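**Q** return a 3D structure for these sequence lines:
(2 chains)
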Protein chains: 2
Amino acid sequence: MGSSTTTPPLTRASVIEAHALIKPHIHFTPVLTNTTLSTLASTPQTPEALKGTPYEGQTPAKPKVKLWFKCENFQRVGAFKARGAFHALARLSEEEKSKGVVTHSSGNHAQALALAARTHNIPAHIVMPTISTPSKIAGTRSYSANIHFSGSTSQEREAVVATVIADTGATFVPPYNHPNIILGQGTLALELESQVAELSNGAVKTLDAVIAPCGGGGMLSGVATALAPTGVQVYGAEPSFEGGDDARRGVAAGKRVETVKTLTIADGLRTPLGDVTWGVISDPEKVKGLFAVTEEQIKAALRLVLERMKVVVEPSAVVGLATVLYNEEFRRIVEKEGGEKGWDIGIVFSGGNTTVEAIGKLFAVDEKKAERAEGVLGAQGEKVAENVAG
Amino acid sequence: MGSSTTTPPLTRASVIEAHALIKPHIHFTPVLTNTTLSTLASTPQTPEALKGTPYEGQTPAKPKVKLWFKCENFQRVGAFKARGAFHALARLSEEEKSKGVVTHSSGNHAQALALAARTHNIPAHIVMPTISTPSKIAGTRSYSANIHFSGSTSQEREAVVATVIADTGATFVPPYNHPNIILGQGTLALELESQVAELSNGAVKTLDAVIAPCGGGGMLSGVATALAPTGVQVYGAEPSFEGGDDARRGVAAGKRVETVKTLTIADGLRTPLGDVTWGVISDPEKVKGLFAVTEEQIKAALRLVLERMKVVVEPSAVVGLATVLYNEEFRRIVEKEGGEKGWDIGIVFSGGNTTVEAIGKLFAVDEKKAERAEGVLGAQGEKVAENVAG
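**A** Reported below is the predicted structural model:
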């Protein structure tokens, strides 16, 4: 963003400031609980489910868990991205505002930026590949954004962005790798804290942990920044498919993974970290750990949310839940640290932008696969029916 | 139900009593609003959408509508049926309770009755056809019910029910055609009233209308009974496919339609009215009117709820919304009676018991059909994208 843009430091105080700035424009999204899913998370996996993992043959962990879901699928534009976009705009100088903003994306960030710009009467320029689906183009256009078409490589898109900047003086607003975006996304953690305290009538003073999806890392960085001084442990979750767990691998190796090429069904998480989000996420004082889940685990978690919670989320949104349910390494941590009392875990449902056709394809393409995904549940699966009575 | 069962009269006061009895056992389900859907309902249909209807060539109605959704998809067992079941059990004598309850159903009523019986430590006998899907059998079994298998005709099922009654002295609890079931289902209307008043900060003192799905008519009868003295107009909605609009046709002809054979996708609404529910629903002082919607209109409404509201409902749950969006006869009433001020309409989402596979099949079997269903929206469809921003 521009040189006159105000960029506060990455601290909890800055997240609180960001929240005050964007509050009038965003939805205060609900926090939901679900007895079935909490019971399921507190049920040991089957020995079968641990086959082929480093935990094969060992006693499955028996963590005690209560889950609190922060539902950003109900956020404006259907995802947490509205928070960062509104905050980024609030931090522009008046001169910058008059010249407008530009980004390249065909996803939630573009729509969020277009919405925020329209709200503040600022011109928005969105660079989209010519090959974008008509519905995405129409969706972005409906927010009164100026659409500029480009080729589909990142070089081609950046060239068009450069032209727009040269022509209009617009400020580039990146999708995740900027402190103002990070601080905006982090505001969801502040709401989650206060909502859990209220919903539990003060019984849960602080969550023990929060687990959030990690793609470019803007939201996870924001949540970690917001919660760092509180003692709440922050974890990130990623898809393991085709190396989609770049943040986890990078932190393990002590060096950021700069390119990722995965076609994981968690399509919002195909992006590598940027240098700013790497700075937060690789800091063990801020992010306690990163975990990866398989495509089948993501699908099994997605099915549970749709069929049991009756809430529509996109596949990217459930990697945190999948980790709590199926990642034995994480479950052992919860068992060990939570002990008899157990852990209250906040789970961020990042977004809900999907279609009935996409849901259909995900679960119908190969019925055998769907069965295997159900099989992941093992003994936990049987518990589900019993506990839907909540 | 048995002769010693307490059966209060079908009045609002009885619904209030029923609510007090079941409150500890049911979820106080949320009421949701949605700017996109209210705007859509307030947008005239396209002339195209009126082709082939009695309104072809006329100016489409322009009602002003604010929608309030009572979300019984979040109710225990995933549907409003829990209310009636808990109430029916509360009204049994102690002797009846000790002998247990029996019903025949493979649907939500069976699971609701099994849950209520387990809660009160009463034996539950569920008669299910041998050909029921294993998941339904397992689902019902998980509530600790005794399952008795029968043939699949109603005569065969009733014979097994008679045997169970002869063997155990259990009380038969019908799914809809009994005052205690009706009074239990009606409790959702009491909650809806108070929730709308609270959510609107008192601005909406009473809804102008409530529209609810009508299958066997238990829930619609209950809602009508609860609201009759309040001045809120109560309407019923049905699927038109293969004569599924039996209540509408019966009321028009002044005679109850006693058998229906439809394979509408709104599979919870394939049942005809019983004599008790007919008594309420055919009373114009209680139910103001009945409307029917097509399979494509149901699918279009279902898509909107899943993709825009991000909430999972079953097809039967959206016939009320489909009526408000697409039934021109109903829309003209709203335009005329609501005038400039418009109408606040309560819509009952009756349940959310579906699977990702069922959603997939509904929208993937024939992509052309799905497109036509979208086409139903016409000019309204364009509005959607614009208003998803809330």
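
**Q** chain A against chain B: which residues are in contact?
**A** Proximity of chain A to chain B (C-beta under 8 Å from any C-beta of the partner chain) is limited to residues A:27, A:73-74, A:76-78, A:115, A:118, A:138-139, A:142-143, A:302-303, A:306-307, A:309-313, A:352, A:354-357, A:359-364, A:367, A:370, A:382, A:385-386, A:388-390. For every residue, glycine as well, the C-beta is placed using N, CA and C.

**Q** tell me the secondary structure for residue A:127?
**A** Secondary structure state of residue A:127, per DSSP: H, G, I helix; E, B strand; the rest coil, is strand.

**Q** now do the same for it: its pLDDT.
**A** The score at residue A:127 is 95. That number is its pLDDT.

**Q** test my guess that it contacts residue A:165.
**A** No. Applying C-beta atoms under 8 Å, one finds residue A:127 not in contact with residue A:165, separated by 10.5 Å.

**Q** okay, those two: which has more neighbours?
**A** The neighbour count for residue A:127 versus residue A:165, taken as other C-beta atoms under 10 Å in any protein chain shown, is higher for residue A:127 (24 against 17).

**Q** what residues are bridge-paired with that one?
**A** Assessed by DSSP bridges, residue A:127 has beta-bridge partners residue A:104, residue A:148.

**Q** just to revisit the earlier point, which of the residues of chain A next to chain B are buried, as a ChimeraX select command?
**A** Selection of buried members from the residues of chain A next to chain B for ChimeraX, criterion 16 or more other C-beta atoms under 10 Å in any protein chain shown:
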select /A:73,74,76,77,78,115,118,139,142,143,302,303,306,307,309,310,311,312,313,352,354,355,356,357,359,360,362,363,364,370,385,388,389,390
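
**Q** any shared contact partners between residue A:127 and residue A:165?
**A** Common neighbours of residue A:127 and residue A:165, using C-beta atoms under 8 Å, 6 or more residues apart in numbering or on different chains, are residue A:102.

**Q** what sits against the residue lying closest to residue A:89 once chain neighbours are set aside?
**A** In space, and not counting its chain neighbours, residue A:89 is closest to residue A:116: 4.8 Å by C-beta to C-beta, 6 or more residues apart in numbering or on different chains. With contact set as C-beta under 8 Å, 6+ apart, residue A:116 has these partners: A:25, A:82, A:85-86, A:88-89, A:122.

**Q** just the pLDDT for residue A:116.
**A** You'll see residue A:116 listed with a pLDDT of 97.

**Q** what of the one 5 residues further on?
**A** For residue A:121, the pLDDT comes out at 95.

**Q** helices along the stretch 151-300 of chain A, start to end?
**A** Applying DSSP state H, counting those that start in this stretch to the stretch 151-300 of chain A gives helices spanning A:154-168, A:179-199, A:218-227, A:246-253, A:275-281, A:295-304.

**Q** what comes up buried for the last one?
**A** Same thing as helix A:295-304. Buried residues in helix A:295-304, defined by neighbour count with 16+ other C-beta under 10 Å: A:295-304.

**Q** show me how far it is from its chain's centre.
**A** In this view, helix A:295-304 has its centroid 16 Å away from the chain centroid, taken as C-alpha atoms, centre = their mean, to the nearest Å.

**Q** between the next helix or strand after that helix and helix A:295-304, how many degrees?
**A** Using DSSP states H and E, the helix or strand that follows helix A:295-304 in sequence is helix A:319-326. Per axes from the mean of the first three to the mean of the last three C-alpha atoms, to 10 degrees, the angle that helix A:319-326 makes with helix A:295-304 is 100 degrees.

**Q** tell me which residues are up against helix A:319-326.
**A** With contact meaning C-beta under 8 Å, 6+ apart, helix A:319-326 is reached by A:37, A:40-41, A:45, A:49, A:65, A:67, A:69, A:211-213, A:235, A:237-239, A:266, A:269, A:291, A:293-294, A:297-298, A:300-301, A:304-305, A:330-331, A:334, A:345, A:347-348, A:376, A:380.

**Q** in terms of helix, strand or coil, where does whichever residue of chain A sits closest to chain B fall?
**A** For chain A and chain B, the shortest gap (C-beta to the nearest C-beta) falls at residue A:360, measuring 2.8 Å. Following three-state DSSP, residue A:360 is assigned to helix.

**Q** isn't it right up against residue B:364?
**A** Yes. Here residue A:360 reaches residue B:364: they are 4.1 Å apart, a contact under C-beta under 8 Å.

**Q** anything in contact with each of the two?
**A** Counting by C-beta under 8 Å, 6+ apart, no residue touches both residue A:360 and residue B:364.

**Q** strands along chain A, start to end?
**A** In chain A, the strands defined using DSSP state E lie at A:31-32, A:65-71, A:101-104, A:124-129, A:146-150, A:171-172, A:209-213, A:233-239, A:289-293, A:343-349.

**Q** and those strands: which comes nearest residue B:14?
**A** Closest of these to residue B:14 is strand A:31-32, at 32.9 Å (criterion: C-beta to C-beta).

**Q** how far away from the center of its chain is that closest one?
**A** With C-alpha atoms, centre = their mean as the basis, strand A:31-32 stands 16 Å off its chain's centre.

**Q** what of stretch A:233-251?
**A** Remark: stretch A:233-251 is offset 12 Å from the chain centroid, using C-alpha atoms, centre = their mean.

**Q** any idea of the mean pLDDT for it?
**A** Here the average pLDDT along stretch A:233-251 is 98.

**Q** ok, now stretch A:281-296?
**A** What stretch A:281-296 shows for mean pLDDT is 98.

**Q** the domain parsing of chain A - what is it?
**A** Domains of chain A are assigned by automatic domain parsing as A:31-78+A:179-385, A:80-172.

**Q** quick one: which of the helices of the stretch 151-300 of chain A is nearest residue B:196?
**A** Among these, helix A:179-199 comes nearest to residue B:196, with 22.1 Å by C-beta to C-beta.

**Q** could you say what helices and strands that closest one packs with?
**A** If contacts are counted by 3 or more C-beta pairs under 8 Å, 6 or more residues apart in numbering or on different chains; DSSP states H and E, helix A:179-199 sits against helix A:12-22, strand A:31-32, strand A:65-71, helix A:81-90, helix A:218-227, helix A:275-281, strand A:343-349.

**Q** export those as a markdown table, with columns for distance to residue B:172 and mean neighbour count.
**A** Formatted as a markdown table, the helices and strands packed on helix A:179-199 follow (distance: least, C-beta to C-beta, whole Å; neighbours: other C-beta atoms under 10 Å in any protein chain shown):
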| stretch | distance to residue B:172 | mean neighbour count |
| --- | --- | --- |
| helix A:12-22 | 57 | 19 |
| strand A:31-32 | 37 | 20 |
| strand A:65-71 | 40 | 24 |
| helix A:81-90 | 53 | 29 |
| helix A:218-227 | 54 | 31 |
| helix A:275-281 | 61 | 21 |
| strand A:343-349 | 43 | 27 |
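
**Q** so which of these comes closest to residue A:153?
**A** In terms of C-beta to C-beta, the element of those nearest to residue A:153 is helix A:275-281, at 21.1 Å.

**Q** quick one: furthest residue from the center of chain A?
**A** The outermost residue of chain A, judged against the average C-alpha position, is residue A:167 (33.8 Å), by C-alpha atoms, centre = their mean.
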